[in-house]
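[1] The following block contains a protein sequence and its predicted model.
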Amino acid sequence: MTIQVSGFDHIVLRVRELDESLRFYEELLGLEVIGREEYASGARPFLSVRVGSQLVDLWPDDAYDRELGLTAGGMFHFCVRVRNSLDAEVIPALKRAGVELLEDAPAVRFGATGYGKSIYVRDPDRYMVELKEEELSERGIE
């Protein structure tokens, strides 16, 4: 028998300051928060944000060392698709919010849905997040 994987369900990120992570994922990226009431009541030890049909779990860990995670962690980055233009909307919003951009301009990269413009940024816990434009052809790249 071959195990048949149908897709990602969720990933879990250890986060140093949950409020900082929520400002990034909920307020800046506009992701829906899941489990807020259960978390507030103590019934759930973490919050999740919805990315399409998948979740990113934000697991509070005040002992998490953000700088050590850059070199000793196993995850390199994860990528989310965005509907907005990186150049016209996303990058200016990131700069206004003080988000660390890891490159000066977007580059065309390959991913699950093909080629598209993307840019790497750091979230508050120093995880690398790739933001990729959803539609390559709509942005005039061939």
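    Structure received.
[2] was I right about residue 80 contacting residue 130?
    Yes. Residue 80 sits in contact with residue 130 when judged by CB atoms under 8 Å, with a separation of 7.4 Å. For glycine as for every other residue, the C-beta is placed from the backbone atoms N, C-alpha and C.
[3] domain ranges for this structure?
    Listed by automatic domain parsing, the domain ranges of the chain are 8-63, 65-142.
[4] any idea of the mean pLDDT in the longest one?
    The reference is to domain 65-142. Domain 65-142 shows a mean pLDDT of 87.
[5] Tell me which stretches of this structure form helices.
    According to DSSP state H, the chain carries its helices in the segments 18-22, 36-41, 66-72, 91-96.
[6] so what does the shortest one touch, helix or strand wise?
    When you say that, I think you mean helix 18-22. strand 54-60 (3 or more CB pairs under 8 Å, 6 or more residues apart in numbering; DSSP states H and E).
[7] Now do the strand it packs on: which elements does it pack against?
    Checking 3+ CB pairs under 8 Å, 6+ apart, strand 54-60 ends up next to strand 10-15, helix 18-22, strand 47-51.
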